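Novice: The following comprises the amino acid sequence and a computationally predicted model.
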Amino acid sequence: MKRIKRKNIIGFIGILTLVFIDLFSVTTVMAENKNNGISKTTRLGTKHKGAWTTETASVYYNGGVFFYPYYATRTHQGFAKYSRGRRTLDYNYTGYVSKPGKRHSVSKKREAKVSAWDSLKWSAPKTTFNYSFK
């Protein structure tokens with residue numbers, strides 16, 4: 001029976017420790033800093049009416065539309081959609097506001113959120129985000 005040398009065991013434990021520390025530090029950095037290249041947020045519109053989309057690791061998309069009926073007096077409804085080619089991945093819309101304007105509170109926000117996973121195929125069409133207001 002062959003004996004394992006103490007020097008080899010200590011070296012193996014040291015390598016395992018370094019690997020775990022390296023993995024833990026990468027995970028911690030990813031969780032704390034959302035704009036380090038892992039996720040990118042694009043905001044469109046104004047502070048009273050607009051849309052946003054967040055791309056995480058080029059694989060997961062999260063976005064939506066919003067508006068404040070008090071300020072956006074000609075906006076009744078907002079729509080958001082993720083699609084790939086001709087296929088809709090996720091679609092959502094805000095509740096319909098019959099008469100936007102002064103009768104709504106200033107802080108009342110209408111919002112619709114959507115999310116989608118990207119395809120990992122190289123030949124797949126690009127995932128796109130579309131939004132509109134009515």
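Specialist: Noted; the coordinates are in hand.

Novice: need the helices for the protein, in chain order.
Specialist: 6-32 (DSSP state H).

Novice: buried set for stretch 74-81?
Specialist: 75-81 (16 or more other Cβ atoms under 10 Å). No exception for glycine: its C-beta is placed from N, CA and C like everyone else's.

Novice: dump the residue contacts of the residue nearest to Lys126 when sequence neighbours are not counted.
Specialist: Spatial nearest neighbour of Lys126, excluding adjacent residues (Cβ to Cβ, 6 or more residues apart in numbering): Arg84 at 7.2 Å. Listed by Cβ atoms under 8 Å, 6 or more residues apart in numbering, the contact partners of Arg84 are 116, 118-119, 124-128.

Novice: Now, the buried residues of stretch 74-81 that are in strands?
Specialist: Judged by DSSP state E, strands contain the following of the buried residues of stretch 74-81: 78-81.

Novice: which among the residues you listed gets closest to Thr46?
Specialist: Gly78 (13.0 Å; Cβ to Cβ).

Novice: The closest residue to Tyr93 other than its chain neighbours bridge partners, please.
Specialist: Of all residues not flanking Tyr93 in the chain, Phe79 sits nearest, at 4.7 Å (Cβ to Cβ, 6+ apart). Note on Phe79: beta-bridge partners by DSSP bridges are Tyr93, Ser132.

Novice: between the ones in strands among the buried residues of stretch 74-81, which is closest to Glu111?
Specialist: Relative to Glu111, and with distances defined as Cβ to Cβ, the nearest of those is Gly78, at 7.9 Å.

Novice: Okay, that closest one and Lys134: tell me how far apart.
Specialist: Separation of Gly78 from Lys134 (Cβ to Cβ, to the nearest Å): 8 Å.

Novice: Check Phe12 too.
Specialist: Going from Phe12 to Lys134 by Cβ to Cβ gives 65 Å.

Novice: which residue sits closest to Thr41, ignoring its sequence neighbours?
Specialist: Thr54 (4.5 Å).

Novice: For Arg74, see how far away that neighbour is.
Specialist: Distance from Thr54 to Arg74, by Cβ to Cβ: 28 Å.

Novice: cool, and Asn62?
Specialist: 28 Å.
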